[in-house]
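>>> Okay, sequence plus prediction incoming.
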Amino acid sequence: LALYNSVRFNCPEADGCTLVLDVGARATNLVFVEGSKVFMRTIPIAGNTVANEIARALGVEPAEAERIKKEIGFVALGGTYAVADDALVLLAKVAKIGDTYYDTLQDAIDAAQDGETVEVVADITLPTGGLEIVDKSITITGATDGDGKPLYTITGQPGLTGVKDGAEIYVGSDTYGTVDVTISNLNLRNFGDQVDPDGSSVILFEGWTDDSKLTLDNVDIADYNQYAVSVVGRGTLDVTDSAIDGGGTSDGIYAEFGNVTVTDTAITNVVDGVTAGTEAQVTLGDGVKVDASEDAVKAEDGGVAVIEGGAYNGALDGADGVIAIEGGHFSEDPADYVSEGYTTVPGDPDGYEVIQRKADGLQIIIVDANRVYNGTAHEVAVQDGESVLEAGVDYTVEYDDNVNAGTVHVTVTGIGRYTGVTNATFEIAKAQATVTAADASKTYGDADPTLTATVTGAVGDDTIAYTLTRAEGEDVGTYAVTAGAGSNPNYE
């Protein structure tokens, strides 16, 4: 009825019989309007039905079927319809820039202007010459499925000769200029049968300026020889949210020059994971996972590798370069490469964890609330905020004298994950001891008997020093015996 009312209100001039077609996701509504008469019918065929049929017929994912329906679908009204031929042509295209479609990815890349995005719209098999991205500042991206995984795959083929230095995909400059290329949401496969397998890379980045940059975002590389990615020039390589599978026989990332940053990326089934060579600086951050049969991280020929986080299964080799570790989990002891201010602790559940040492700021807590001399040592607890630390693991502690009454000086020195020295003092009060003189007697004219006393409050085997004196006089009578304190530093 809403459709009917809409037609009557918005199209009062409509004459004769009018058909209103409302195509939804799951159903299509047909409304026939003729004057005051109306006829309605709902048909359970709609947008989702069309998309599902496209997916079934073409063997594509639902997201791709939806794209085809929206972008190159057409309505056949019967007989020959001109748009049908155009649509079939578009189905054969593999990439587009805006509304312009291209037969090959190389055609689209060559046509792209700086700042434009080349969208991959189908699976692609590269020609034997590979792919060149030269003197460009563009984005090359594909679509993703519901889980965020790339839908489309760029595949090599037998006899792939590569573009330059054995590279199948070359990113660089012929004019020594700046390039800025982003490749995202794509699978790269079957680069394992090229002519030059010993010096080959799936992607070779050769920047000629410090501002040149290649970003790999959500790129999945597998089935290749030698290296997944190589950097042989200046500039920056950023790899994030990606995956590299070396198949057990190939290496991951090799950088001869430039700066490389890797985050949230799995580099698995490789011989060597990440190598920093010559003038390269590689930074490995959180979310990195490297599983290597030999070196998980290697620094050679003066290269620098900084590990800030991640998990590394394999050896570390910094004999010819610099490896500086500031975090992460390691299968082998990384102690030789831990940066100043960091330390190694047992990993959970195994291996080794590198954590930052905390300087100073440790809080000393006196364990004994009363702090009164009792013959035993008065010790302290040490806390980091609300966490109680473990002596011998997190700190060492020294006292000048924490047994006898008086002022105790404490020195706590951080070890393990903590560094720095914290000092404190506390008081041990004197204990209370009482000396009570015992009664004694003698006969007039005799010498005084030995005076004695009873001591209470002494701790353990402590001996309380005291003196006993009586009032002067020798006449018959009663004389007071007085107890006096001796030298007792722990008592009062």
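Nice, I can see it. Numbering: from 1, shown residues only.
>>> Please report how far the nearest residue to Leu362 once chain neighbours are set aside lies from Val459.
Spatial nearest neighbour of Leu362, excluding adjacent residues (CB to CB, 6 or more residues apart in numbering): Thr422 at 4.7 Å. Backbone N, C-alpha and C define where each C-beta goes, glycine included. From Thr422 across to Val459, the span is 30 Å (CB to CB, to the nearest Å).
>>> coming back round to it: list the buried residues in the one helix or strand the residue nearest to Leu362 maps to.
Secondary structure assignment for Thr422, by DSSP states H and E: strand 421-428. By neighbour count on 16 or more other CB atoms under 10 Å, the buried set for strand 421-428 is 422, 424, 426, 428.
>>> strand partners of it, parallel vs antiparallel please.
strand 406-414 (antiparallel) (DSSP bridges).
>>> now the partner strand, how far from the chain's geometric center?
39 Å (CA atoms, centre = their mean, to the nearest Å).
>>> Average pLDDT for that strand, rounded please.
Across strand 406-414, the average pLDDT comes to 92.
>>> Quick one: list the elements packing against the helix or strand just after it.
The helix or strand immediately downstream of strand 406-414 is strand 418-419, counting by DSSP H and E. Applying 3 or more CB pairs under 8 Å, 6 or more residues apart in numbering; DSSP states H and E, we find strand 418-419 packed against strand 358-359.
>>> next structured bit after the strand it packs on?
strand 363-366.
>>> What pairs with that next one, parallel or antiparallel?
Per DSSP bridges, strand 363-366 is paired in its sheet with strand 380-384 (antiparallel).
>>> how far out from the middle of the chain is the strand it pairs with?
On CA atoms, centre = their mean, the centre of strand 380-384 falls 30 Å from the chain's centre.
>>> try stretch 333-342
Stretch 333-342 has its C-alpha centroid displaced from the chain centroid by 19 Å (CA atoms, centre = their mean).
>>> gap between the two ends of it?
14 Å (CA to CA, to the nearest Å).
>>> who's in contact with Ser441?
By CB atoms under 8 Å, 6 or more residues apart in numbering, the contact set of Ser441 is Pro449.
>>> Checking my notes, it in a strand, right?
No: counting by DSSP: H, G, I helix; E, B strand; the rest coil, Ser441 falls outside a strand, being coil.
>>> And the pLDDT for it?
The predicted local confidence for Ser441 is 94.
>>> From Tyr466, how far out is it?
For Ser441 relative to Tyr466 (CB to CB), the value is 21 Å.
>>> low-confidence ranges in the stretch 1-150 of the chain?
1, 3-4, 7-8, 14, 57-59, 72-91 (pLDDT under 70).
>>> can you give me the helices for it?
For the stretch 1-150 of the chain, the helices defined by DSSP state H, counting those that start in this stretch occupy 2-10, 47-58, 62-72, 82-91, 105-111.
>>> and the third one, what other elements does it pack with?
It refers to helix 62-72. helix 47-58, helix 82-91.
>>> Run the angle between the longest one and helix 62-72 for me.
On the basis of axes from the mean of the first three to the mean of the last three CA atoms, to 10 degrees, helix 47-58 is oriented at 100 degrees to helix 62-72.
>>> shift numbering so it begins at 51
Renumbered: residue one is now 51, and that last one reads helix 97-108.
>>> CSV please, covering the buried residues of strand 471-478 and showing pLDDT and distance to Ile357.
Converted to CSV, these look like this (pLDDT from 0 to 100; distance: CB to CB, whole Å):
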residue, pLDDT, distance to Ile357
Thr472, 87, 30
Ala474, 89, 37
Phe476, 92, 42
Ile478, 94, 48
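>>> from these, which is closest to Val332?
Thr472 (37.3 Å; CB to CB).
>>> Return the residues in contact with the closest residue to Gly66 other than its chain neighbours.
In space, and not counting its chain neighbours, Gly66 is closest to Glu84: 6.7 Å by CB to CB, 6+ apart. Going by CB under 8 Å, 6+ apart, Glu84 touches 66-68.
>>> Output these in a markdown table, with distance to Asp450 and neighbour count appended to each entry.
Formatted as a markdown table, the contacts of Glu84 follow (distance: CB to CB, whole Å; neighbours: other CB atoms under 10 Å):
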| residue | distance to Asp450 | neighbour count |
| --- | --- | --- |
| Gly66 | 109 | 7 |
| Cys67 | 107 | 11 |
| Thr68 | 102 | 16 |
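>>> Filter these down to just the ones in strands.
Mapping the contacts of Glu84 onto strands (DSSP state E) picks out 67-68.
>>> Distance to Val354 added to the contacts of Glu84, as a markdown table?
Listed next are those as a markdown table, based on distance: CB to CB, whole Å:
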| residue | distance to Val354 |
| --- | --- |
| Gly66 | 80 |
| Cys67 | 79 |
| Thr68 | 74 |
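>>> Which member of the contacts of Glu84 is positioned nearest Thr259?
Distances from Thr259 to the contacts of Glu84, taken by CB to CB, are shortest for Thr68, at 64.2 Å.
>>> do you know how far that closest one is from Gly85?
10 Å.
>>> got it, and Ala278?
70 Å.
>>> Might you report the residue contacts of the residue most central in space within the chain?
For the chain, the residue nearest the mean C-alpha position is Asp336 (2.4 Å; CA atoms, centre = their mean). With contacts defined as CB under 8 Å, 6+ apart, Asp336 is in contact with 313-314, 358-360, 377.
>>> Quickly note the distance from it to Lys408.
Taking CB to CB, one finds Asp336 at 20 Å from Lys408.
>>> just Ile415 next, same as before
From Ile415 to Lys408 the distance is 17 Å (CB to CB).
>>> The two: which has the busier surroundings?
Lys408 (16 against 10; other CB atoms under 10 Å).
>>> wouldn't the more buried one be in contact with Thr469 here?
Yes: assessed by CB atoms under 8 Å, Lys408 is found in contact with Thr469 at 7.0 Å.
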